[in-house]
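K.L.:
Give me a model of this one.
(one chain, ligands or ions: 1)
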Amino acid sequence: MSFGIAIGARVRKSPYFDKTIEDGVSAFSVYNHMYMPTSYGDAAAEYDRLINGVAMWDVAVERQVSLKGSDAEKLARYLTPRELGALNIGQGRYVPLCDHRGTLINDPVLLPLSEDECWLSIADSDVMLFARAIAAERGYNVSIHEPDVSPLAIQGPKAVEVVADLFGDWIRGLKYFGYRETTLNGIPLHVARSGWSKQGGYELYLTDGSRGGELWDLVKEAGKPYDIGPGTPNYIERLESGLVSYGADTDDFTNPYEIGLGKFVSLSREDDFIGKKALTQIHADGIKRQFVGYKIEGEPLSAGNQHKLPVKNNESHVGFVSASGWSPRVKSNIGVGLIEAAFSEPGTKVTIQTDTSDGDLTATISKLPFDIA
Ligand code: THG
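P.N.:
Model prediction:
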């Protein structure tokens, strides 16, 4: 199977788009109506850089939704089931969002920028439309738009050295999700300690898209002593680490409890928030499914699965595998997905039905994150 993805004006381009092509990008996905690099053609090298070195990722698709106005904070609190307590400028927080049915609709990072503005750094769904409708219906004094902001992630154990060489040693003192506004050769950006991997790293939130190429080159140059190379949100590392991929792992019925984000839901909050009633009911009823790891027997699976794979117990369908592949560190094929609660106990054996020559595979439920051998 070999085919391309149509490149046109309808799907948006990252400010790093031309640079990723120069650096040999070989596959894109579409995320937040934008092309997102997913491979540079050498999965083993990209994984190795992330685990042992440092990689640079075009994650401009992590779009910001700016809430600005005297009710910005009020709206942010109403949108998430998380109890936020005091918001601190310069300190981000992971804030899952639900709809009125208690279904997870995004899992952004909230960045409080000032008394009257915050950004939601979103995963792949149309939070701007949702937030605008909520704000208008409630009569909140807030304007909502997507600013010109494009994160570039620097991830891996050596990321800290690259970022310290670029900005100074103060970046070592940033807390997780902490960030600070600064410039690099006059390029405006925010430096944040964050990223969608458990290997450590930073994200540069570029705030002038016309300077993406320049920023890409500066990071690449500073990374040379550390053998920096291109990468993307890593398909295998995120499975090992048990990071949720909204959209891949979730469906239109997934609630935060079953996907492992229950700790961010505060039913005891005195103020109201979207989904409070539904989440209270879901919590009282007990969850029906659970997000689990699958340790899968057999030869290394050639590539990621293209569909959610059915999981069976005898002949009944009890769950699915949303992503799977060979883990060099677990030294096994692994996967993640939702399964009926009765089968979610670690050690339970199940059958995964593939739609390839791999046939049916035997798997054992594992806790997340996976233990690294
Ligand atoms: N970078 C930025 N924005 C993002 C993402 C990103 N927006 C949404 C998308 N990723 C998915 N959301 C995330 C982002 C970070 C984390 C998980 C999902 C994360 N989690 C830590 C963990 O699970 O250990 C910490 C969570 C906590 O305890 O607060 O880092 O990649 N800019």
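
K.L.:
So which bits of stretch 176-196 are buried?
P.N.:
Within stretch 176-196, the residues that qualify as buried are 177-180, 182, 184, 187, 189-196, counting by 16 or more other Cβ atoms under 10 Å. Heads up, the C-betas are built off the backbone N, CA and C, glycines and all.

K.L.:
Indicate whether that stretch makes contact with the ligand.
P.N.:
Yes: under the criterion of Cβ under 6 Å from any ligand atom, the ligand is reached by stretch 176-196 at Ser194, Gly195, Trp196.

K.L.:
Out of those residues, the closest to Asp272 would be?
P.N.:
Proximity of the residues of stretch 176-196 next to the ligand to Asp272 (Cβ to Cβ) peaks at Ser194, which lies at 29.0 Å.

K.L.:
right, and the closest one touches Phe177 too?
P.N.:
Yes: counting by Cβ atoms under 8 Å, Ser194 does reach Phe177; the two are 5.4 Å apart.

K.L.:
Now Ala6: which helix or strand?
P.N.:
Using DSSP states H and E, Ala6 sits within no helix or strand.

K.L.:
What distance do you get for it to the ligand?
P.N.:
Taking Cβ to the nearest ligand atom, to the nearest Å as the measure, Ala6 falls 25 Å from the ligand.

K.L.:
Could you report the neighbour count for that residue?
P.N.:
7 (other Cβ atoms under 10 Å).

K.L.:
Now it: phi and psi?
P.N.:
Per-residue torsions, Ala6: phi -70, psi 130 (degrees, to the nearest 10).

K.L.:
Over to Arg238?
P.N.:
Torsion angles, degrees, to the nearest 10, at Arg238: phi -70, psi -30.

K.L.:
Now for it, how many residues are close by?
P.N.:
Close neighbours of Arg238, defined as other Cβ under 10 Å, add up to 20.

K.L.:
what about it, distance to Thr38?
P.N.:
Relative to Thr38, Arg238 is positioned 12 Å away (Cβ to Cβ, to the nearest Å).

K.L.:
now do Phe343
P.N.:
Plainly put, Phe343 is 30 Å away from Thr38 if you go by Cβ to Cβ.

K.L.:
about what we covered before: shared neighbours of Ser194 and Phe177, anything?
P.N.:
Counting by Cβ atoms under 8 Å, 6 or more residues apart in numbering, the residues touching both Ser194 and Phe177 are Gly92, Val109.

K.L.:
In the stretch 151-300 of the chain, what residue comes closest to the ligand?
P.N.:
For the stretch 151-300 of the chain and the ligand, the shortest gap (Cβ to the nearest ligand atom) falls at Trp196, measuring 3.3 Å.

K.L.:
show me what contacts that residue?
P.N.:
Val59, Ala153, Pro233, Arg238, Leu243.

K.L.:
Now do the SS call for it.
P.N.:
What DSSP: H, G, I helix; E, B strand; the rest coil gives for Trp196 is coil.

K.L.:
Next, give phi and psi for it.
P.N.:
Backbone torsions for Trp196, taken as degrees, to the nearest 10, come to phi -90, psi 60.

K.L.:
do Ser197 as well
P.N.:
Main-chain dihedrals, Ser197, degrees, to the nearest 10: phi -160, psi 170.

K.L.:
Near the closest residue to it other than its chain neighbours, how many other residues are there?
P.N.:
Of all residues not flanking Ser197 in the chain, Gln155 sits nearest, at 4.9 Å (Cβ to Cβ, 6 or more residues apart in numbering). Neighbour count for Gln155, taken as other Cβ under 10 Å: 28.

K.L.:
I'd like the distance between Arg108 and Ser266.
P.N.:
Check again: residue 108 is Pro, not Arg. For Pro108, the distance to Ser266 - Cβ to Cβ - is 17 Å.
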